[in-house]
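Visitor: Sequence plus the predicted model coming up.
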Amino acid sequence: MTVQDPNVVRHDTDPLIEVVVKRLENGVTVLTVAGEVDMTTAPGLRTTVGDHSTSGSKLVLDLSRVTFLGSAGLAVLVEASQQTKTRGVELRVVAVERAVTRPLEATGLGDVFSVHPSVESAISS
C-alpha cells in the first residue's frame, strides 16, 4: 500500500511532458517540469502554471528535467512572470541544462528571470 502526499500533484496528460506540483509549508509552490516544452505541450503547462500562480509567496518552476524549450515554452515563462508579478508572487526559475539555459541566454530572458541552479537555491533566495 502506498500513501500519496496530498501536497504533491502529478499532471501528466501529455506523454511528452510531465509536471509535478508540490506545495511546501512555507507558502512556496514548486512545479517540476520534465520533457519537451514546445507548441504542443506549452498550452497544458500554461494552464498548470496559471492555476498555481495565484497563492503563496513564491512559485518555483523547476526546469532541470526539461529536454527542449521552444519559443512557446519561453512565452509561457514570460506570461508566468507577468501573472505572478500582478498577483504579488515571486517567480523563480531553475535552469541547469543547456536545453533551457541556451534559449534563455539567446533571448536575453536569463537576465529577466530570477534563474537558479537548484530548487533549494530558488527557495532560499
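Guide: Structure's in. What do you need?

Visitor: Tell me the bridge partners for residue 36.
Guide: Note on residue 36: beta-bridge partners by DSSP bridges are residue 68.

Visitor: That one: how many residues sit nearby?
Guide: By other CB atoms under 10 Å, the residues close to residue 36 number 18. Just so you know, the C-beta spots here come from the backbone N, C-alpha and C atoms, and that holds for glycine as well.

Visitor: wait, it sits on residue 17?
Guide: Yes. Taking contacts as CB atoms under 8 Å, residue 36 lies within contact range of residue 17: 6.3 Å.

Visitor: Give me the pLDDT for residue 14.
Guide: In this model, residue 14 is scored at 65, pLDDT.

Visitor: Do you have the helices of this protein handy? List them.
Guide: For the chain, applying DSSP state H gives helices covering 42-51, 71-87, 98-107, 119-124.

Visitor: Residues contacting the shortest one, please?
Guide: Meaning helix 119-124. Around helix 119-124, the neighbours that count as contacts under CB atoms under 8 Å, 6 or more residues apart in numbering are 24, 26, 28, 30, 32, 58, 60, 62, 64, 92-94, 114, 116.
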